[in-house]
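In: Sequence first, then the predicted structure, then my questions.
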Amino acid sequence: MPFFLFRYPHAYFHDNLAVILLYYGTIMTYQSDSAGHRNNKEDGDLSTTPRVVHARVPGRVRLAVPGLRNNRKLADHLGVALPRSTFIKQISANIRTGNILVHFDRRQPLTEVLVQVTRTLIDFGADKSQDAPGQKRTVPHRNIPKHIIRPTAARKDPWHSFTRQEVLTRLKTLEENGLGAAEIEKRLATYGANSVSVRHARPDVDILVDQFKSLPTALLTGSAVISLLTGGIADAIAIMCVVCLNAGIGFATERQAEKTITALDDFAQPDVKVKRDSRLMTVPAQEIVPGDILFLQPGAVVGADARLLTAHHLSVDESILTGESLPTRKNPESLLAEDIPVADRKNMIFRGTSITGGSGTAVVIATGTDTESGQVQLLVSTARPPETPTQQELTQLSRQLVFACLGALGLVFGIGLLQRRGFLEVLKTSISLAVAALPEGLPTVGTVTLALGVRSMRRERVLIRKLDALETLGAVNVMCFDKTGTLTENKIRATTIQTLHDSISVDKDGLFTVDTTGSRLSVDYNSEGLDSLLQVAALCHEVEIDGAADKPIYKGSATETSLVELAEKAGISVRDTEKHYRRKKLQHRTESQPYMVSWHENGDELDLIALKGRPEEVLDLCSQVQTGNGLRKLTARDRKKILKQDASLSENGLRVLAFAHGYSSDSYRKADLVWLGMVGMSDPTREGMAALMKRFHAAGIHTVMITGDQSGTAHAIARDLGLSRTGEIEILEGGQLDKLDPDVLASLVKNTDIFARVNPSNKLAIVEAYQKGGHVVAMTGDGINDSPALRAADIGVAMGSGSEAAHQASQIVLADNKLATLATALSMGRGIFQNIRKSLHFLLSTNMSEILISLGGMLAGRGQSLTPIQLLWINIITDVFPALALAMEPPEKDDMTRAPRKRGAPILDKKDAIEILTEGGIISLSSLASYLIALGRFGQGPRASGVVFTSLMLSQLLQAYSSRSPHHSILTGKSLPPNPYMNYALGTLFGLQLLASTTPPLRRMLGFHQTRLSDLLLAGGASASSFLAIEALKAARLEHKKADTTIGTEQTIDPTEEDKRHEQ
């Protein structure tokens, strides 16, 4: 089968700046030749498109520039023209490599750098055309690629520099009312749906043609031509039949794989909140049109490019667009300058970014492909993004094997001539060796294995959003868990109310206290301002209440829903309370202010201010406390008691929120706030978490909890889960993290089990600290606050019920919300990489045996032991189908009891190379032994050739079975999970070999006589001996390494020690 140089794209373009190409369309136009209406020959090509070579370091990018190699004039032009840009600081051009290194303002998107370089290249080309001899000096036409879409007028307008009223006027919309239904239909017809066409699978014709575009195929075709020229017509026909047959197999497998991987794009777009016809409503993102008024709140994914109208502590995660990992604060005020980088347009929000805090409104200015991210995604959908690391390594390996094959061919040819053999005989022998040296099934392995992995994961409810996540899964050695909604069920229920002097319990029947005898007592709601605390719970929230009064339906976060239910249990009608105290504005909690504040009409000049949030911060804002005797000033003793109560609640595993209120017409900080008390809420841990932690520990994975909750709450839950392998739980708090140097943090994290009271930037720093220490990090989460860390982690894992922002930032989504599924995914990830290794091991060891047999027969002076036709038959039978069956191997039972794969470990290392050579040698020696015995008994001829042919064929089929696991041997008595595909493949291939031995036409084509029983016994004995010898070596090797293949009980995995284990 020809080598497939596949280039499967990533599912999503975010967090891979290297594939964001030519972002702005301002230079992307196509004009026909005005004189003759003919296109110049450069039309439609990408001769002015720079290619990203390296863009990992912020503010620096290395680009491959077309035409720069040995072009001093172009280098000088770039060196002068590019630094004129306001954001490009320095450039160095290398005419030997054709690359340029650009240093630029790190706040600037890489896409704008690419645009600037492309403009400069176009200008250089235009100047050259003007100065060409014999050309008329006129204003040149710029011949830009036709497939790049020109931006609409909406994108070219400097919306950020307009005032809010100018924006609304230009878009013919009203902030108070939004658009009407008729106008929306009209604009949908004008602008189209707010979507970007996703990548389509390659056409079938392209896939088929690609099967013949490889060096190995060219080499085999050349062999067929030489055979034809030397009179070997049958050989030439057979070789070309094999090439075409394998192209057909390759076409079928690649076509199916292409469909599977293209399906990675099949994720629904989120719904968005808009104001239309003076009503707030939720609509699909595809139906947004320019002029729509968006309502922005935490967790929302921005559905289109928009200009801010209002913003209250609004922050946006724009890393998908700018690469900046921390959220950006937004301001609706207009900006004076028109030429401002996207990253600095603080009054704009962009499609695909997500709201991390605060609230606001905005008017849509562009949709679909006219958005900033839409232009990028449109280009990405037409490009062929980079291969995954494994695909790149397989491509490189296939090229190396081609050149090695050519070298071996030359060696054999030279030896033959030195032995004074006939030219045609030596040439045919060299051809047979060329055929033997090429493992035709090699390129199929990576593609099919990854595609099968995607399908298998989907069956387990694991949705893969990025293809190379399959490879990274097997190397994960640190697992960071968000607590709420991940380790716990996110089914929060208020269980305790704590005022200054009273502790009140809550159950499904309502509120109560317990006396000294354990009897249940009713609650005095007027005691210590309990009614005021419940009033704040009923007002300070964003829960939407639908349904009848006796059967309300709550839509909101689990925490806020539990507080609204608490108020209802206490007899407070939340709907009536909200009508009486109509809300005027709301301030969301932010990273720097961990509390929510709402202002409500109170019937006089002062507003009622309701506030809830983290106890310590709320307490710092309060100056008074509500007691049974009324209001009084908070004393130092009161504060100490409250903090002690807070610690006691959290140590019982409860999440704690504090409540306060006050009255003011201005800032809540001037309201003389009153401390009302705290509510403790329980969130049960997910079932089976303790067993799951043990499974991760056995797999050599360090488990870590990252939470915004207090240390006591986190410690209690971690203790119940068995989060720490040693039982001793080490905790770091967010306040400590802010003071640590990154290098110090990287050394501390490996011994830490819990990070408590952290904010989103702390989570990001924790993930980066683990990565700096050489760890491969998986991060789980479900909320908007998890998004930066999810995006930065090597593997971001979102829960299916999590926010859309979390889904967008992740590479994997657990559709069933079960963490146990993640363990299954890790096992499958390890299995996928191992299956590629197994297939490679099989292909290379069997092909090595063919080479050694061909060389051995020639060096022994016995001529060709195997003809080209026989080698082709062996390759088509034993290479392709067993390799595909190995790609479908189920994960081994003890896969999750071994150390994770080392980051960046090659598919095959030196140890593997030695094993491949050894096993190939054993197979060739046993087959050559059978050949020599046959020669002694029958002399040189078809019968001896048939014995070595059958022996090698059977040995290779048995080698496929042996290659199923490097960790098990049939001599150790341990069984492997059943692989029916292997059974079907081997059964069918044994049958085909039997058919070849008994059917006269096939025997004549293959060049041997009818196989007799004695011949079969000789060939079978040789193949069985090689199989048993290989299994015995494997068993001895496993026994020797037994102590190294079982994970110990260390608390953490040290990457240095891990590397040593892999090198042994």
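Out: Yep, it's here.
In: Can you verify G485 is assigned to a helix?
Out: Yes - applying DSSP: H, G, I helix; E, B strand; the rest coil, one finds G485 inside a helix.
In: measure it to I766 for me?
Out: According to Cβ to Cβ, to the nearest Å, G485 and I766 sit 18 Å apart. Where C-beta positions appear, they are placed from N, C-alpha and C, glycine not excepted.
In: Next: L533.
Out: 34 Å.
In: Likewise for M828?
Out: When Cβ to Cβ is the yardstick, M828 and I766 sit 27 Å from each other.
In: the more surrounded of those two?
Out: Remark: of M828 and I766, I766 carries more neighbours, 27 against 21, as counted by other Cβ atoms under 10 Å.
In: what's the burial count for the closest residue to S664 other than its chain neighbours?
Out: Nearest non-adjacent residue to S664, counting by Cβ to Cβ, 6 or more residues apart in numbering: A671, 3.7 Å away. By the measure other Cβ under 10 Å, the count of residues near A671 is 24.
In: and A671, what does it touch?
Out: For A671, the contact set (Cβ atoms under 8 Å, 6 or more residues apart in numbering) comprises I609, G662, Y663, S664.
In: Next up, the contacts around the last one.
Out: This means S664. Contacts of S664 by Cβ under 8 Å, 6+ apart are L606, D607, I609, K670, A671, D672.
In: Just the ones in helices from the residues you listed, please.
Out: Among the contacts of S664, no member falls in helices (criterion: DSSP state H).
In: For W599, see how far away the residue nearest to S664 is.
Out: For A671, the distance to W599 under the criterion Cβ to Cβ works out to 10 Å.
In: How about V80?
Out: Separation of V80 from W599 (Cβ to Cβ): 58 Å.
In: of those two, who's got more company?
Out: Applying other Cβ under 10 Å to V80 and W599 shows that W599 carries more neighbours, namely 22 against 11.
In: did I read that right, the more buried one in a helix?
Out: No - with three-state DSSP as the criterion, W599 is located in strand rather than a helix.
In: Local confidence estimate at it?
Out: Per-residue confidence for W599 comes out at a pLDDT of 94.
In: can I assume it is in contact with R583?
Out: Yes - contact criterion Cβ atoms under 8 Å: W599 and R583 qualify, at 7.0 Å.
In: what number of residues lie near A610?
Out: Quick note: A610 (other Cβ under 10 Å) scores 27 neighbours.
In: Make 385 the starting number, not 1.
Out: Let's use 385 as the start, then, which means that last one is A994.
In: separation between it and A853?
Out: Taking Cβ to Cβ as the criterion, A994 is separated from A853 by 43 Å.
In: quick one: D655 and I672 touch, right?
Out: No - contact between D655 and I672 fails when scored by Cβ under 8 Å: they sit 10.2 Å apart.
In: ok, those two, which is more surrounded?
Out: Higher neighbour count among D655 and I672: I672, with 27 against 17, using other Cβ under 10 Å.
In: doesn't I475 fall inside a helix?
Out: No - using three-state DSSP, the assignment for I475 is strand, not a helix.
In: That one contacts L466, doesn't it?
Out: Yes - because the distance of 4.8 Å satisfies Cβ under 8 Å, I475 is recorded as touching L466.
In: list residues touching both of those two?
Out: Residues touching both I475 and L466 (Cβ under 8 Å, 6+ apart) are V486.
In: residue ranges for the strands of the stretch 985-1134 of the chain, please.
Out: Here the stretch 985-1134 of the chain has its strands, by DSSP state E, counting those that start in this stretch, at 991-997, 1006-1011, 1014-1017, 1039-1048, 1057-1066, 1086-1090, 1115-1117.
In: nearest to L1422, of these?
Out: Of all the strands of the stretch 985-1134 of the chain, strand 1086-1090 sits nearest to L1422, with 26.6 Å by Cβ to Cβ.
In: Can you give me the pLDDT of the closest residue to Q1029 other than its chain neighbours?
Out: In space, not counting the residues next to it along the chain, Q1029 is nearest to Q882; the distance is 5.2 Å by Cβ to Cβ, 6+ apart. We have a pLDDT of 94 for Q882.
In: Quick check: phi and psi at the closest residue to M1077 other than its chain neighbours.
Out: Closest residue to M1077 apart from its sequence neighbours, by Cβ to Cβ, 6+ apart: G1106 at 4.9 Å. Per-residue torsions, G1106: phi 70, psi 40 (degrees, to the nearest 10).
In: Show me the strands in the stretch 735-884 of the chain, by range?
Out: Under DSSP E, counting those that start in this stretch, the stretch 735-884 of the chain gives strands at 738-750, 846-848, 862-866, 877-882.
In: So which of these is nearest K1222?
Out: Closest among those, once you apply Cβ to Cβ, is strand 846-848, at 21.4 Å.
In: Could I get the average pLDDT for that closest one?
Out: For strand 846-848, the mean pLDDT works out to 86.
In: Identify the residues contacting the spatially most central residue of the chain.
Out: Geometric centre of the chain, nearest residue: Q1195, 3.2 Å, by Cα atoms, centre = their mean. Applying Cβ under 8 Å, 6+ apart, we find Q1195 in contact with I848, R849, K850, A853, T856, I1179, G1180, V1181.
In: need those residues in CSV with neighbour count and distance to T751, can you?
Out: Listed next are these as CSV, based on neighbours: other Cβ atoms under 10 Å; distance: Cβ to Cβ, whole Å:
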residue, neighbour count, distance to T751
I848, 25, 28
R849, 21, 23
K850, 20, 25
A853, 26, 30
T856, 23, 34
I1179, 26, 32
G1180, 29, 27
V1181, 33, 31
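In: Out of those, which sit inside helices?
Out: Per DSSP H, the subset of the contacts of Q1195 in helices is A853, T856.
In: Adding distance to R691, write the contacts of Q1195 out as TSV.
Out: As requested, these are exported to TSV (distance: Cβ to Cβ, whole Å):
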residue	distance to R691
I848	36
R849	30
K850	32
A853	36
T856	39
I1179	36
G1180	30
V1181	35
